[in-house]
Every structure is written in structure tokens, then in C-alpha cells.
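1. got a predicted structure here, sequence first:
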Amino acid sequence: MASSQQQSSPQHHQQQQESVAKRNCTTTNNNNNSHTTTSTAAEDDLCTMTRRWFADVWNDPKENAIERYFHPDGIAHGLTDDKGQAIRGPPGFRILYNRFRSAFSEIKIEVCDCFQAGEKVACRFSFRGVHSGSGLGMPPTGRTVTATGMSITYWHNGFITESWNEFDTAALLQQIGQPPTAKVFE
């Protein structure tokens, strides 16, 4: 039987999530050159484009930036519509985006690691926001929540054409007092 010291409380889990967000964020391109996020990168650096996607769409927020980055025929696996299908195109992404933004305010997404190989980018990111609305079908708690995620994104001609996304919804749900089986991205 596990001792109470080994069990994880919601506060302990949130502290762990926040420590992940505070780690030094680095970018590595396919030449294995590393630099911190404060350095400047070439316009065609896809890690830079990925960081701009999160900054422009989520952090600023600029809903109209979705069309600037997400291809009209783009697919976002791991993010689903109300039928459980992968998000397709800017209109599909916009529905998910508005639902998520209506549930969380003060959203801040930080790309902590980013690796580029050809036209693909893998990134690990941290999310922080205040659960201030019922956009996900759950009453607002007013709690500040943190979670992490990863994405592999295929860029082509300056657009996200396909992405595979994983997000720690269990941590997010635990912090707002919901069972980990509640549906968030549907």
C-alpha cells in the first residue's frame, strides 16, 4: 500500500506542472545547433513559425491569425470536433479555439522545446490559464491551471498542413475538480 507521501495531491501536481513551465526553453534545428528563445532565428525557421503560431493565436490572442498559419485543408489530429473527428481547416479549428478561450482566460502558452527536421517540427509546450468560463461545459472555478502538451507539426509553404497533438487533459481536469474522463477537446 502506498504511503500518503507517495500520493500526489492537486497542489503537488500543480507545483510540478509549474516547474516544467519554468525550465529553460531551447530550440534545436536539424543541424543540432541549440540556442535559447531569446536569440533571433531566420524567417524560414519553422521553430520560429511554431512559436509565432502559439504567440499570435493563443497568447495575444488574434483569432484571425488562424487563417494566416493553418492551411485551408489542414488537419489537427488529437483535437476533435463534436463528432470525435480530427479538426479540419480554419473553420473547424476556430470552433475548438473559441470553446477553449471561452473556458480559459489569461492564456499563456510557452514553447519549451522545439526541434526541426525538414518540414516537420516537434515541440513541447506549457499552458497556463484561469478557468473563468463554462466553454467546455463545466462551471468555472476561477482556478489558475497549468498543463503541458506536445505537438508534431508538418509545415508546407508557410502553413500548418497537418499536426499531431497530445495535451495533458488529466492534469487540467484534476485542477478544476473534474474526473479525468471528462471530455475537453470534443
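-> Arrived safely. Numbers count the residues shown, from 1 in each chain.

2. residue ranges with poor pLDDT in the protein?
-> Within the chain, the set of residues satisfying pLDDT under 70 comprises 1-44, 182-186.

3. what ranges does it have for its strands?
-> Remark: strands assigned in the chain by DSSP state E are 26-28, 34-36, 70-80, 86-88, 104-117, 120-131, 144-156, 159-167.

4. winner for burial among these?
-> Sort the strands of the chain by mean neighbour count, taking mean count of other CB atoms under 10 Å, and strand 120-131 sits at the top with a mean of 20. Any C-beta I mention is one placed from the backbone N, CA and C, and that applies to glycine too.

5. re the thing from before, to residue 45, which of the strands of the chain lies closest?
-> Closest approach to residue 45 among the strands of the chain (CB to CB): strand 104-117, 7.1 Å.

6. just checking: what are the partner strands of the closest one?
-> strand 26-28 (parallel), strand 120-131 (antiparallel) (DSSP bridges).

7. enumerate the beta-bridge partners assigned to the most centrally placed residue in the chain.
-> Here the mean C-alpha position of the chain is nearest to the C-alpha of residue 149 (CA atoms, centre = their mean), at a distance of 5.5 Å. Beta-bridge pairing for residue 149 (DSSP bridges): residue 125, residue 167.

8. which residues touch it?
-> Applying CB atoms under 8 Å, 6 or more residues apart in numbering to residue 149 gives the contacts 124, 125, 126, 127, 165, 166, 167, 168.

9. can we see that at 7 Å?
-> Contacts for residue 149 were tallied using CB atoms under 7 Å, 6 or more residues apart in numbering; they are 125, 127, 165, 166, 167, 168.

10. verify the contact between the third one and residue 80 for me.
-> No: in this structure, residue 165 is not within contact of residue 80 by CB atoms under 7 Å, at 10.1 Å.

11. next, the buried residues of the helix ranked longest in the chain.
-> If each helix of the chain is counted by residues according to DSSP state H, the longest one is helix 89-103. Neighbour-count burial for helix 89-103, counted by 16 or more other CB atoms under 10 Å, picks out 89, 90, 92, 93, 94, 96, 97, 99, 100, 101, 103.
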